[in-house]
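Q: Provide a 3D model corresponding to the input given below.
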Amino acid sequence: MKIECIKEQLEEVLNKADKIAGKNTTLAVLSGLYFDARQNLLNIKATNLDIGISIKLPVKVIEPGTVVIPSRIITPFISSLSRDKNITLSTKEQTLEIKTSSTKTNIKTLPTEEFPIIPEIGEDNAFSMPARDLVFGVRSVIYAAATGSIKPELSSIAITHEGDFLVFAATDSFRLAEKKVKIKKIPHFKQILIPQKNAAEVIRIFDTNTEEVSLSIEEHQLALRSGGVYLTSRIIEGVFPDYRQIIPKETTTSAVVLKQDLINSLKTSLIFSDSFNQMTLKLSPGAKRFQIESKNSNIGESIHLVDAALEGEDISININHRYFTDCFQSITTDSISLNFSGVAKPVLVSGVGDTSFLYLVMPMNQS
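A: Residues are numbered from 1 along each chain as shown. You can find the predicted model right below:
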């Protein structure tokens with residue numbers, strides 16, 4: 001193999017593929033990046049057997065060929081070539097030679113025949129949507145997924161469809177986030193579960209993409225295509241919790257507050273919260289009073305008043321500060337609606353006038 005390419009373009013592709021390359025010490029080839037050069041295209045592949053990526057980059061192919069290179073070596077090396085614009089890569093036996101105007105470097109390669117095949121998913125039942133909408137949907141809920149749970153379905157992002165909407169949801173059993181994104185074409189699948197770690201890679205890979213992304217599902221695999229990027233992820237086998245039944249049907253107390261006012265108040269309260277991140281929300285609609293209390297026996301305590309429009313009954317409820325505030329990043333409106341159904345029921349959080357996002361957070365044990 002011998003190719004010539006532009007350093008910045010190669011660096012961009014390597015940075016996308018690098019984090020997907022496995023760190024499996026028992027199968028060294030998974031830590032490598034597979035280069036396949038032919039027909040003036042360089043196809044760079046990486047996989048950890050759970051998620052795989054293939055990115056095509058236009059290059060000048062002088063001699064076609066394949067090679068697998070350790071990701072932890074080539075990615076930082078190419079990034080370090082700050083003065084060089086053009087790069088020549090060529091292979092000789094078990095070595096990759098990299099030449100620029102100022103450097104000449106040899107890197108030992110890995111066996112190409114041992115590199116796993118990345119699943120190729122057909123496009124017969126594919127549907128498309130803007131990449132930014134896909135990323136926004138995943139990002140709006142991913143923080144609510146469990147990490148390292150013994151229940152795989154709780155460590156996943158569920159994607160379903162309802163009418164003209166693609167619905168993203170995640171829960172760790174302490175809180176739940178749901179985001180609806182409008183789509184043009186109705187997909188053929190009922191529900192898929194994407195591992196939380198893989199969903200994070202979807203955000204990273206497509207975050208700056210301004211094009212459409214094509215989604216197709218087949219044989220427990222999800223494939224995403226956009227431009228020269230092809231990403232495939234394992235789909236979790238399991239059933240996502242039927243969370244609709246825990247959404248409160250009635251509200252006994254409600255509050256509408258400016259999001260920034262609430263954020264500022266919570267910053268103050270966090271300073272005095274205990275090791276469990278506990279704080280108390282006290283709403284007294286009759287007295288037109290909404291206060292946030294936090295207490296730490298080693299530091300002190302704080303009571304902070306928040307301007308809010310209140311309705312309903314008095315209520316005092318303990319919640320986890322972090323679980324409560326995580327959802328604010330997903331709310332695009334200036335005002336937030338808080339709805340309470342009792343001290344033992346979840347708090348429903350949403351943006352005022354926005355029905356596309358809802359968030360439930362369970363109360364902590366009342367003291």
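Q: what sits against the residue lying closest to Val347 once chain neighbours are set aside?
A: Spatially, and ignoring its direct neighbours in sequence, Val347 is nearest to Val361 (5.2 Å; CB to CB, 6 or more residues apart in numbering). Where C-beta positions appear, they are placed from N, C-alpha and C, glycine not excepted. Taking CB atoms under 8 Å, 6 or more residues apart in numbering, we find Val361 in contact with 174-175, 319-320, 323-324, 327, 346-347, 349.
Q: likewise for Val239?
A: Contacts of Val239 (CB under 8 Å, 6+ apart): Glu153.
Q: backbone phi and psi for it, please?
A: phi -120, psi 120 (degrees, to the nearest 10).
Q: again with Thr355
A: Backbone torsions for Thr355, taken as degrees, to the nearest 10, come to phi -90, psi 0.
Q: show me the beta-bridge partners of the closest residue to it other than its chain neighbours.
A: Nearest residue to Thr355 in three dimensions, chain neighbours excluded: Lys180, at 7.7 Å (CB to CB, 6+ apart). With DSSP bridges as the criterion, Lys180 is bridged to Val167.
Q: hmm, Lys180 is touching His161, no?
A: No: contact criterion CB atoms under 8 Å: Lys180 and His161 do not qualify, at 9.6 Å.
Q: which of the two has more residues huddled nearby?
A: The neighbour count for Lys180 versus His161, taken as other CB atoms under 10 Å, is higher for Lys180 (22 against 19).
Q: ok, now which ones touch the more buried one?
A: So Lys180 contacts 162, 165-168, 355-357 (CB under 8 Å, 6+ apart).
Q: which among those residues end up buried?
A: The neighbour-count test (16 or more other CB atoms under 10 Å) marks 165-168, 356-357 as buried among the contacts of Lys180.
Q: what is the nearest of those to Asp314?
A: Phe357 (27.8 Å; CB to CB).
Q: phi, psi for that closest one please.
A: Per degrees, to the nearest 10, the backbone of Phe357 is at phi -130, psi 140.
Q: same deal with Pro248?
A: phi -60, psi 140.
Q: residues touching it, list them.
A: Pro248 touches 339, 341, 345-346, 348, counting by CB under 8 Å, 6+ apart.
Q: next one: Val68
A: 29, 32-35, 109-112, 114-115.
Q: swap in 10 Å and give it another go.
A: 28-36, 45, 96, 109-115 (CB atoms under 10 Å, 6 or more residues apart in numbering).
Q: pLDDT weak spots in the stretch 1-150 of the chain?
A: 24-25 (pLDDT under 70).
Q: change it to 90
A: Counting by pLDDT under 90, the ranges of the stretch 1-150 of the chain that qualify are 22-27, 82-84, 93, 102, 123-125, 147-150.
Q: all strands of it, in order?
A: 2-6, 32-38, 41-47, 51-58, 60-63, 65-70, 86-92, 95-99, 104-108, 127-130 (DSSP state E, counting those that start in this stretch).
Q: do the same with the stretch 201-350 of the chain
A: Using DSSP E, counting those that start in this stretch, strands in the stretch 201-350 of the chain cover 212-218, 221-226, 229-234, 253-258, 278-284, 289-296, 300-305, 309-312, 315-320, 335-340, 347-351.
Q: buried sites along the second one?
A: Same thing as strand 221-226. Result for strand 221-226 [16+ other CB under 10 Å]: buried residues 221-226.
Q: kindly report the same for the fourth one.
A: Neighbour-count burial for strand 253-258, with 16+ other CB under 10 Å as criterion, is recorded at 253-255, 257-258.
Q: quick check: closest non-adjacent residue to Ala131.
A: Leaving aside its sequence neighbours, Ala131 sits nearest to Asn209 (CB to CB, 6+ apart; 3.7 Å).
Q: what's the burial count for the one you found?
A: 17.
Q: how far away is it from Glu313?
A: 47 Å (CB to CB, to the nearest Å).
Q: do Leu215 as well
A: For Leu215, the distance to Glu313 - CB to CB - is 45 Å.
Q: of these two, give the one with the bigger neighbour count.
A: Set Leu215 next to Glu313 and count neighbours by other CB under 10 Å: Leu215 wins out with 23 against 13.
Q: the more buried one reaches Ala223, doesn't it?
A: Yes: using CB atoms under 10 Å, Leu215 is in contact with Ala223, at 7.2 Å.
Q: got any residues that touch both of these two?
A: With CB under 10 Å, 6+ apart, Leu215 and Ala223 have common neighbours 121, 123, 126.
Q: re earlier: spit out the contact partners of the residue nearest to Ala131.
A: Asn209 touches 130-132, 134-135, 224, 226-227, 229, counting by CB under 10 Å, 6+ apart.
Q: what remains of those residues if I keep only buried residues?
A: So, by 16+ other CB under 10 Å, the buried ones in the contacts of Asn209 are 130-132, 134-135, 224, 226, 229.
Q: first to last residue in stretch 8-28, what's the distance?
A: Length of stretch 8-28, first residue to last, CA to CA, to the nearest Å: 27 Å.
Q: report the buried residues of it.
A: 10-11, 13-14, 16-22.
Q: do the same with stretch 316-332
A: So stretch 316-332, judged by 16+ other CB under 10 Å, has buried residues 317-321, 323-328, 330-331.
Q: and stretch 13-25, C-alpha only, in CSV?
A: Provided in CSV are the C-alpha atoms of stretch 13-25 (Å, rounded to 0.1, in the frame of the first residue of the first chain):
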residue,chain,number,x,y,z
VAL,A,13,-10.9,10.7,10.6
LEU,A,14,-8.4,9.1,13.0
ASN,A,15,-9.8,11.1,15.9
LYS,A,16,-13.3,9.7,15.1
ALA,A,17,-12.2,6.1,14.8
ASP,A,18,-9.6,6.1,17.6
LYS,A,19,-12.1,5.9,20.6
ILE,A,20,-13.9,3.0,19.0
ALA,A,21,-10.8,0.9,18.6
GLY,A,22,-10.9,-1.7,21.4
LYS,A,23,-8.6,-1.8,24.4
ASN,A,24,-8.8,-5.6,24.5
THR,A,25,-5.4,-6.9,25.6
